[in-house]
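>>> Following is a predicted model, sequence given first.
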There are 2 protein chains.
Amino acid sequence: MQQFYHPNIDAESASHFFDEQESKHIARVLRKKSGDTIRLTNGKGFFFKGVLDVLSPKKCVVRLTSHERIATQSPYVHMAVAPTKNMDRFEWFLEKATELGVQRITPILCERSERKTIKHERCTKIVVAALKQSLGVHMPLIDPLTPLEDVQTAALSSYMAHCADLPKKALKDVVVNQTSICVLIGPEGDFSNKEIIWASKKQINSVHLGSLRLRTETAALVACHTALVLNKS
Amino acid sequence: MQQFYHPNIDAESASHFFDEQESKHIARVLRKKSGDTIRLTNGKGFFFKGVLDVLSPKKCVVRLTSHERIATQSPYVHMAVAPTKNMDRFEWFLEKATELGVQRITPILCERSERKTIKHERCTKIVVAALKQSLGVHMPLIDPLTPLEDVQTAALSSYMAHCADLPKKALKDVVVNQTSICVLIGPEGDFSNKEIIWASKKQINSVHLGSLRLRTETAALVACHTALVLNKS
């Protein structure tokens, strides 16, 4: 089963025209035929069924036959993560977190960040591909690269995972019975002391992720999955 | 902090000679000096401290000064996973599962496996690198590619995650209060009906991993982390 995505489809839409690139993919790669039923999402919680009409390998249209609204999943998980020096590792995190159902990812710029730029468009492309692949209908919000101090969150509880030798609890022990969670993960060199003090002033709780030393992207995925698996109904 | 690895070091060892490649790495890349303290493991639960003696960029030796035995972590988690068609994705799973503390990985050959061979030596190399990186001291056992029906496990509870439309519970709801767990994850095309029937005869419980469709390697990592996070003391 394939799922297609376009943000502009809504409950009022009667049909949707695919662009040239996607039409070619539908006709030539997926070898779809007129009359085939397909599944689409707008990434805003709706999924649609429709009947395909392959007019040409450059022009495909789908007649939408039904739609369903899927409630946003609980808990709400927002990850604020410093992109890794090796971008592949951060992109891998974007893909996996989307598969798991993360709702927002803020790439953050920290004092010790080695990577100081990201291509937002490429990040979005990876997340769209993962949403389609996983049959998800809630497109995560991907923020532009944001200085740590400017991170805003709608989450009720926020946590900062770091390796500094300070008293802190395991994320898995404190992240239970929560409905909305934000977790901050620093760069390869960890958060600086200044950043850890900033967080404590903001009521962001220091946590650890266990005794093993995790790579940045592993820490981010582990924190995201911990928040989800311990709070999903 | 770096950690070095060699399986032949044990509690009786007084010193360890690094081979030419590792000596070069120590002297030229890490720029270690004689007198530096380093950390080593044999992957069998021991970690060692020692004082380095850089004789030349081709010959380094470490005098072992102390050792500590770290108890095996509970729960014992054994993952039996069909390698993905794209080997990068399976290698990624090997790295991440090692970082998390998996204890055994059996690459399995299933009816619908597209990948029918793996390079065992390369898999071991990735796992060694991840063990060193994460400062782990328990080297996971990596089996050769094994036909599904021949998988043996020391785990007390075994689960098969599949997408077939059969009654099954969520792994996270059944994998609690366990000390040893084996989870089977199939290839991209899922386990066949024949394999699912084989599993049920073997008292391997069918489970699902949630409502989203996960890639093979994501499913494997999610299952591994779920088993660990819900049972760690």
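Received, thanks.
>>> ok, now how distant is A:H25 from chain B?
Separation of A:H25 from chain B (Cβ to the nearest Cβ, to the nearest Å): 19 Å. No exception for glycine: its C-beta is placed from N, CA and C like everyone else's.
>>> A:P187 now?
16 Å.
>>> Show me what from chain A comes close to chain B.
For chain A, the contact set with chain B under Cβ under 8 Å from any Cβ of the partner chain comprises A:92, A:96, A:99-101, A:133-136, A:172, A:210, A:212-215, A:218, A:221-222, A:225-226, A:229-230, A:232.
>>> Counting neighbours, which of these end up buried?
Neighbour counting with 16 or more other Cβ atoms under 10 Å in any protein chain shown marks A:92, A:96, A:99-101, A:133-136, A:172, A:210, A:212-215, A:218, A:221-222, A:225-226, A:229-230 as buried within the residues of chain A next to chain B.
>>> tell me the SS of the residue nearest to A:A97 when sequence neighbours are not counted?
Nearest residue to A:A97 in three dimensions, chain neighbours excluded: A:C224, at 5.1 Å (Cβ to Cβ, 6 or more residues apart in numbering or on different chains). Assigned with DSSP: H, G, I helix; E, B strand; the rest coil, A:C224 falls in the helix class.
>>> How about A:F4?
Three-state call for A:F4 (three-state DSSP): strand.
>>> Got phi/psi on the spatially closest residue to it that is not a sequence neighbour?
Closest residue to A:F4 apart from its sequence neighbours, by Cβ to Cβ, 6+ apart: A:L40 at 4.5 Å. With angles defined as degrees, to the nearest 10, A:L40 sits at phi -140, psi 160.
>>> tell me the contacts of A:L40?
A:Q3, A:F4, A:Y5, A:H6, A:I9, A:H16, A:F47, A:F48, A:K49, A:G50, A:V62, A:L64 (Cβ atoms under 8 Å, 6 or more residues apart in numbering or on different chains).
>>> PyMOL command for the buried members of those?
Those of those that count as buried under 16+ other Cβ under 10 Å are selected in PyMOL with:
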select buried, chain A and resi 3+4+5+6+9+16+47+48+50+62+64
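>>> Could you chop chain A up by domain?
Following automatic domain parsing, one gets these domains for chain A: A:3-69, A:76-229.
>>> Highest mean neighbour count out of the ones you listed?
Sort the domains of chain A by mean neighbour count, taking mean count of other Cβ atoms under 10 Å in any protein chain shown, and domain A:76-229 sits at the top with a mean of 19.
>>> Paired strands for the helix or strand where A:V61 lies, with orientation please.
Assigned by DSSP states H and E, A:V61 belongs to strand A:59-69. Using DSSP bridges, the strands paired with strand A:59-69 are strand A:15-17 (antiparallel), strand A:46-56 (antiparallel).
>>> Touching it from outside, list them.
Contacts of strand A:59-69 (Cβ under 8 Å, 6+ apart): A:4, A:9, A:11, A:13-18, A:20, A:22-23, A:26-27, A:32, A:38, A:40, A:45-55.
>>> pLDDT averaged over it - what is it?
For strand A:59-69, mean pLDDT rounds to 96.
>>> show me what contacts A:L131?
A:Q3, A:Y5, A:T41, A:G43, A:T98, A:V137, A:M139, A:P140.
>>> Quick check: phi and psi at it.
According to degrees, to the nearest 10, A:L131 has phi -60, psi -40.
>>> Spell out, range by range, the strands that occur in chain A.
A:3-5, A:15-17, A:37-41, A:46-56, A:59-69, A:76-81, A:104-109, A:141-142, A:146-147, A:157-161, A:169-170, A:180-185, A:205-208 (DSSP state E).
>>> contacting residues around the fourth one?
In other words, strand A:46-56. Identification of contacts with strand A:46-56 by Cβ under 8 Å, 6+ apart yields A:3, A:9-11, A:13, A:15-16, A:23, A:26-27, A:32-42, A:60-70, A:137.
>>> Swap in 7 Å and give it another go.
The contact list for strand A:46-56 (Cβ atoms under 7 Å, 6 or more residues apart in numbering or on different chains) reads A:9, A:11, A:26-27, A:32-41, A:60-70, A:137.
>>> The second one too?
The contact list for strand A:15-17, computed with Cβ under 7 Å, 6+ apart, reads A:H6, A:I9, A:L40, A:V61, A:V62, A:R63, A:L64.
>>> so what's A:L230 closest to, chain neighbours aside?
A:V176 (5.2 Å).
>>> Apologies, that question was intended for A:H208.
Nearest non-adjacent residue to A:H208 (Cβ to Cβ, 6+ apart): A:K168, at 5.3 Å.
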